[in-house]
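what follows is a predicted protein model with its sequence.
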Amino acid sequence: MPQPPTARLSRAQAYELSQDRGINPTGNESLTDVVRQRYGRRDILKGLAGSAAAGIALAAGLPLPREAEAATAAKPRFSFSEISHGVDERHHVAPGYDADVLIRWGDPVLPDAPAFDVQQQSAAAQAKQFGYNNDFIGYLPLPAGSSNPSHGLLFINHEYTNEELMFPGIGRQDTKDKAFRDMTRERVDIEMAAHGASIIEVIRRPGEKWAVVAGSGMARRIDALSTACEITGPAAGHPRLQTKADPTGRRVTGMINNCAGGLTPWGTVLTAEENFHGYFWGKREDSHPEAGNFKRYDVPGNWYNWGQHHERFDIAREPREANRFGWIVEIDPYDPTFVPRKRTALGRFKHEGAAVVVNKDGRVVVYSGDDERFEYVYRFVSKGRFNARNRKANFGLLDEGTLSVARYNADGSLEWMPLVHGRGPLTAANGFASQADILIEARRAADLLGATKMDRPEDVEVNPKTGKVFVMLTNNTRRKADQLDTANPRANNEWGQIVEMIPPNGDHTADRARWSLLLKAGNPADPKVGGQFHPATTASGWFACPDNCAIDNQGRLWVTTDQGEAWAKASGTADGVWAVETEGANRGLSKMFFRVPVGAEMCGPFFTPDDRTLFVAVQHPAADGGEKFTKSGKDSTFEDPATRWPDFQPGMPPRPSVLAITKKDGGQIGS
């Protein structure tokens, strides 16, 4: 049995190691190189201070330096009272707000789901209960096509599992001494059933809190163990997607590591398969038929031992199964019988999010980031056009179109370079016999086009009010001083930044656009960090490691963070939600609105149509860096967790949960 390469690391540490590895082998220009060329090294080191730099900042879209800000003060768009940085066992929200737990890991989803019994777990029960580590949230009003703000469906991703917190008595399994020896077939199947997604019906009756509608016929669980999915688009049926279990290359069981996502204008959900590589088992040999492809995606990751019990996750026994993951999956929450569809036209990589916008000519555009250090930002433009009168007519829009990758130039321009077979280097001479090959190996195709290497692009969102596109760049501690550019301006970047893309005249299909930096995360008071926010940002208003984001219905930006194990070093505070000004004199002004319990990550912000509820997902509470909060002073386990949030009951472990945040006076969030 091969030993996992992440031995002696927690699952969260293994995740961070994978993200931090930076396996992009190309010499492509990085965003830091571009930033340095655009603004100049001296301006970067000074933080664009001084009156001359103020003009650069305004042109570039950066926050104004302190010396220039006083004359441009304006009333902030966010009126809540800010909470403070900190970390403890509980969650915290701004004064005047309630943050109520709506659903937790193990709560019933399907009408016949058994009550959660943490001591008697089973795969059959988990397949009917709310899954683990909730990430993306999408609210879809009921009835379909309405804008009902108090009755709808919630679609929620389940990204991954932490066996040391889920199962009594086994502790961490991904270590050299354990080597997954306590991970039986039944426990593996429980993990697989806890992945995927949950669809629940929710309602808020007058004078009451949000509640899950028990026994809803629209409720559904999608998992990695048994859910049949369809593969569509240019790569469907290709020999590189064919397996012993599926010689057609068109059907695959389940989806894995679903991170962020997005909603389409026709009322479906796009959910992003991110770190799929971690689920595959074995040792990659040079003779493997997908050796080069797998190396570029770091397959196998050996995070889990699923391959010991399920042949398809062992790369030696099933050499092509990994090519069937890493896609955007489209699901219709309004139809419990809908077969999830993996849309191969959008490319295969470690997707984080899928921001959808209908262009002014009717074509549909999807933006997505590849969440790993030194990876790329992508855009898909549909061939067909959105039909507002016929919902079902749009269900094939994402199977035909053009996938492009971004190159950020030092002059503030951005080029979208098409990944199309036969163009430039994307030919058989370079190993691409068809468009399917390009999509299966989207990373390598983007390498050859010279895309800009980014600081871990995560969520991407489009502001429907302004047409601007925001890219969350979480961090990149592997970037060296000789790898800087204008969009990635810091070496050993522990804190991340937010890039803003501006399509010309609101045309999201244009070959070129403009870009700027909205802010540089990290403590702006520490010169060594080089963080840059609006000067009026308080000591609790700055943040590190932007991850997910949401645009409310007033066009305001809300950012959530994921510092992982490094939270004590990156910011010293728990992750949370920050409101960020993006326009005018207060551009770059940030305020802290919500804070998660120790060890958790903040995910899935999503507003109801009236902005009176903000749904958020608290993922892996107690898992990341909780040693100072455990009785043993060691990593959190089922018996000794850093927190027992949200139940705080003896014998009950921490449980990933979705919360509904509302204002006590019933008003709009943040106003």
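Looks like it came in fine.

what ranges do the helices span in the stretch 251-400 of the chain?
Along the stretch 251-400 of the chain, the segments classed as helices by DSSP state H, counting those that start in this stretch run 291-297, 306-309.

check these for me and report the most buried one.
Stretch with highest mean neighbour count among the helices of the stretch 251-400 of the chain: helix 306-309 (a mean of 22; mean count of other CB atoms under 10 Å). Glycine gets a C-beta too; all of them are placed from N, C-alpha and C.

go through the helices of the stretch 251-400 of the chain and name the closest to Arg250.
Arg250 sits nearest to helix 291-297 of all the helices of the stretch 251-400 of the chain, at 19.8 Å, using CB to CB.

so where's this protein uncertain?
Low-confidence segments of the chain (pLDDT under 70): 1-21, 32, 35-36, 38-73.

which residues in it form helices?
Shown for the chain, the helices assigned by DSSP state H span residues 11-21, 31-39, 41-46, 51-60, 66-69, 123-126, 163-166, 185-194, 291-297, 306-309, 435-440, 442-449, 567-570.

can you get me the start-to-end distance on stretch 216-236?
End-to-end distance of stretch 216-236 (CA to CA, to the nearest Å): 34 Å.

same thing with stretch 488-498?
Across stretch 488-498, the terminal residues are separated by 10 Å (CA to CA).

list the buried residues in that stretch.
Within stretch 488-498, the residues that count as buried by 16 or more other CB atoms under 10 Å are 488-491, 493-498.

export those residues to JSON lines and tack on distance to Ala428?
Listed next are the buried residues of stretch 488-498 as JSON lines, based on distance: CB to CB, whole Å:
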{"residue": "Asn488", "distance to Ala428": "33"}
{"residue": "Pro489", "distance to Ala428": "39"}
{"residue": "Arg490", "distance to Ala428": "40"}
{"residue": "Ala491", "distance to Ala428": "39"}
{"residue": "Asn493", "distance to Ala428": "38"}
{"residue": "Glu494", "distance to Ala428": "42"}
{"residue": "Trp495", "distance to Ala428": "43"}
{"residue": "Gly496", "distance to Ala428": "39"}
{"residue": "Gln497", "distance to Ala428": "39"}
{"residue": "Ile498", "distance to Ala428": "40"}
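
tally of neighbours for Glu639?
Using other CB atoms under 10 Å, the number of residues around Glu639 comes to 15.

so who does it touch?
Residues in contact with Glu639 (CB atoms under 8 Å, 6 or more residues apart in numbering) are 168-169.

what is the end-to-end distance of stretch 180-190?
Start to finish, the residues bounding stretch 180-190 are 15 Å apart (CA to CA).

just the residues contacting it, thanks.
With contacts defined as CB under 8 Å, 6+ apart, stretch 180-190 is touched by 4, 121-123, 126, 163, 166-167, 170-171, 173-174, 225, 304-306, 308-310.

buried ones among these?
Of the members of those, the ones counted as buried by neighbours, 16+ other CB under 10 Å, are 4, 121, 123, 126, 163, 166-167, 170-171, 173-174, 225, 304-306, 308-310.

distance check, Tyr297 against Tyr378.
15 Å (CB to CB, to the nearest Å).

same question, Gly326
With the distance defined as CB to CB, Gly326 ends up 12 Å from Tyr378.

with Lys664 instead?
Separation of Lys664 from Tyr378 (CB to CB): 42 Å.

looking at the two, which is more packed in?
With neighbours defined as other CB under 10 Å, Lys664 and Tyr378 compare such that Tyr378 has more, 26 against 9.

need the contact list for that one.
Counting by CB under 8 Å, 6+ apart, Tyr378 has contacts 346-347, 349, 367-370, 403-406, 442, 446.

shared neighbours of Gly326 and Tyr378, anything?
Phe349.

thinking again about what came up before, tell me which of the helices of the stretch 251-400 of the chain lies nearest to Asp437.
Counting by CB to CB, Asp437 lies closest to helix 291-297 out of the helices of the stretch 251-400 of the chain; the figure is 9.3 Å.

any residues touching that closest one, and which ones?
23, 25, 276-277, 284-285, 288, 299-300, 315, 322-323, 326, 349-350, 431, 440-441, 443-444.

give the contact list for the residue nearest to Glu89 when sequence neighbours are not counted.
Leaving aside its chain neighbours, Glu89 sits nearest to Thr643 (3.9 Å; criterion: CB to CB, 6 or more residues apart in numbering). Shown in contact with Thr643 (CB under 8 Å, 6+ apart): 89-90, 597-599, 621-622, 626, 629, 654.
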